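Participant: build the 3D model from these lines:
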Amino acid sequence: MDPHLLHTYVTVARLSSFSAAARELGYTQSAVSQHIAALEHDLGMSLLNRRPVTPTRAGERLLEHAGSLLLRLDAARADLTRLAGEPATALTVVASPLAVRPETLAALPVSRATLRVQPREDIPAAVATGAADLGLVDGLAAPSDPLRLPDVAPLTATGVAEEPVAVVLPDGHPLARRRGLRLADLVDARWLDAPDAGLPLEQLRAATGAARGFRPALRYEGTDIRTLLALAAAGLGLTLLPHALAPADGALAVPLTEPRLVHRTELLHTGVLRGSAEGLAERMRSRI
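Facilitator: Numbers count the residues shown, from 1 in each chain. Predicted coordinates for the structure are as follows:
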């Protein structure tokens, strides 16, 4: 399967338009049509309905594979480029919001470094495809257990921090004076859905084995943790955060006692580290 044809197909399916795909890819519309026809001929089946432009059943199934296939190819190309090139003098680090902590900032070099904050689900792909030299990603895990990361490419993951977690709730909440809380007792509570600033609700469901529950009362799509704390203090929903993060005025952090979970941060990279990336990784590992 030609990856160029597959890339054209994904673009057409995403935009639901041959002409829009041609503009985005810099091709003529006839070239895009030829790419799709060639891919359909190779697979021996129709992938797109033409009016309107929508994936067929086979096309929908191909889309399920296409993203990971193209990402793997981009990751392989980036890995070989790094292998053949000289160590980078500038350093780019991508990190999820909760992975950016004082110890993280203290380990950064004093010059020629870029720190970019992105949603946690984007971190592995950014490192795999060479968009960043190193990644810092966080999540919930049992003590000393690795995070469950998407299999986008061969990545080396090293734990660089683990800390207790706590439920953040308004100081007038009936549970605010408890010494500890069990996550299973909060399945039916109202929660803040803040996938980028906080810990995603699906991780809470996975930790308790609850297919449902942890109902979102409000969705926050930003990355500012202070805003998330203020929302919790205002009584708009509960959130789970690293215990070391001081709550805002009007909120309290009650330790999570069951299940035994920690907020874990891992450093991601590909291949053998060299240059400034190797130095940063060593500084972070030494802080464990």
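Participant: mind jotting down where the helices sit in the stretch 51-200 of the chain?
Facilitator: For the stretch 51-200 of the chain, applying DSSP state H, counting those that start in this stretch gives helices covering 57-84, 102-107, 123-128.
Participant: for the nearest residue to residue 143 once chain neighbours are set aside, give its distance to residue 166.
Facilitator: Among residues not flanking residue 143 along the chain, residue 262 sits closest, at 5.3 Å (Cβ to Cβ, 6 or more residues apart in numbering). In short, each C-beta sits where N, CA and C put it, glycine included. Taking Cβ to Cβ, to the nearest Å as the measure, residue 262 falls 11 Å from residue 166.
Participant: mind telling me what element the spatially most distant residue from the centre of the chain is part of?
Facilitator: Within the chain, the residue lying farthest from the chain centre (Cα atoms, centre = their mean) is residue 30, at 36.8 Å. Residue 30 belongs to helix 29-43 when assigned by DSSP states H and E.
Participant: show me what that helix is in contact with.
Facilitator: Helix 29-43 is contacted from outside by 1-2, 4-6, 8-9, 12, 18-19, 21-22, 25, 27, 46-48, 58, 62, using Cβ atoms under 8 Å, 6 or more residues apart in numbering.
Participant: next one: stretch 161-168
Facilitator: Applying Cβ under 8 Å, 6+ apart, the external contacts of stretch 161-168 come out as 101, 103, 140-141, 143-144, 175, 181, 186, 199, 229, 232, 238-244, 247, 251-256, 261-265, 287-288.
Participant: ok, residue 3 to residue 27 distance?
Facilitator: Counting by Cβ to Cβ - residue 3 and residue 27 are separated by 15 Å.
Participant: okay, these two: which has more neighbours?
Facilitator: Taking neighbours as other Cβ atoms under 10 Å, residue 3 and residue 27 compare with residue 27 leading, 17 against 13.
Participant: so where's this structure shaky on pLDDT?
Facilitator: Residue ranges of the chain with pLDDT under 70: 82-89, 287-288.
Participant: the strand or helix carrying residue 278 packs against which elements?
Facilitator: Assigned by DSSP H and E, residue 278 falls within helix 275-285. Judged by 3 or more Cβ pairs under 8 Å, 6 or more residues apart in numbering; DSSP states H and E, helix 275-285 is in contact with strand 91-95, helix 102-107, strand 134-141, strand 156-170, strand 262-269.
Participant: would you say residue 19 is within a strand?
Facilitator: No - counting by DSSP: H, G, I helix; E, B strand; the rest coil, residue 19 is not part of a strand but helix.
Participant: roughly how far does it sit from residue 28?
Facilitator: In terms of Cβ to Cβ, residue 19 sits 10 Å off from residue 28.
Participant: quick check: buried residues in stretch 17-32?
Facilitator: By neighbour count on 16 or more other Cβ atoms under 10 Å, the buried set for stretch 17-32 is 17-18, 20-22, 25, 27, 32.
Participant: quick check: the farthest pair among those?
Facilitator: 17 and 27 (12.9 Å; Cβ to Cβ).
Participant: what sits against the residue positioned nearest the centre of the chain?
Facilitator: For the chain, residue 121 is the residue whose C-alpha lies nearest the centre (Cα atoms, centre = their mean; 1.4 Å). If a contact means Cβ under 8 Å, 6+ apart, then residue 121 has residue 150 as its contacts.
Participant: go on, residue 217?
Facilitator: By Cβ under 8 Å, 6+ apart, residue 217 lies in contact with 190-193, 236-237.
Participant: at 6 Å what do you get?
Facilitator: Going by Cβ atoms under 6 Å, 6 or more residues apart in numbering, residue 217 touches 190, 237.
Participant: that's a strand at it, yeah?
Facilitator: Yes - residue state for residue 217 (three-state DSSP) corresponds to a strand.
Participant: how near is it to residue 12?
Facilitator: Taken as Cβ to Cβ, the span from residue 217 to residue 12 is 39 Å.
Participant: cool, residue 163 as well?
Facilitator: Look at residue 163 and residue 12: by Cβ to Cβ, they are 46 Å apart.
Participant: who has more neighbours, the two?
Facilitator: Neighbours were counted for residue 163 and for residue 12 using other Cβ under 10 Å; residue 12 has more, 26 against 15.
Participant: and that one, what helix or strand is that in?
Facilitator: Judged by DSSP H and E, residue 12 forms part of helix 3-15.
Participant: how about the CA coordinates for that helix, as PDB?
Facilitator: C-alpha atoms of helix 3-15 as PDB (Å, rounded to 0.1, in the frame of the first residue of the first chain):
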ATOM      1  CA  PRO A   3       1.700   5.700   1.800                       C
ATOM      2  CA  HIS A   4       1.300   8.700  -0.400                       C
ATOM      3  CA  LEU A   5      -1.900   7.300  -1.700                       C
ATOM      4  CA  LEU A   6      -3.000   6.500   1.800                       C
ATOM      5  CA  HIS A   7      -2.200  10.000   3.000                       C
ATOM      6  CA  THR A   8      -4.300  11.400   0.100                       C
ATOM      7  CA  TYR A   9      -7.200   9.200   1.100                       C
ATOM      8  CA  VAL A  10      -7.100  10.200   4.700                       C
ATOM      9  CA  THR A  11      -7.100  13.900   3.700                       C
ATOM     10  CA  VAL A  12     -10.100  13.500   1.300                       C
ATOM     11  CA  ALA A  13     -12.000  11.500   4.000                       C
ATOM     12  CA  ARG A  14     -11.300  14.100   6.700                       C
ATOM     13  CA  LEU A  15     -12.300  17.100   4.500                       C
END
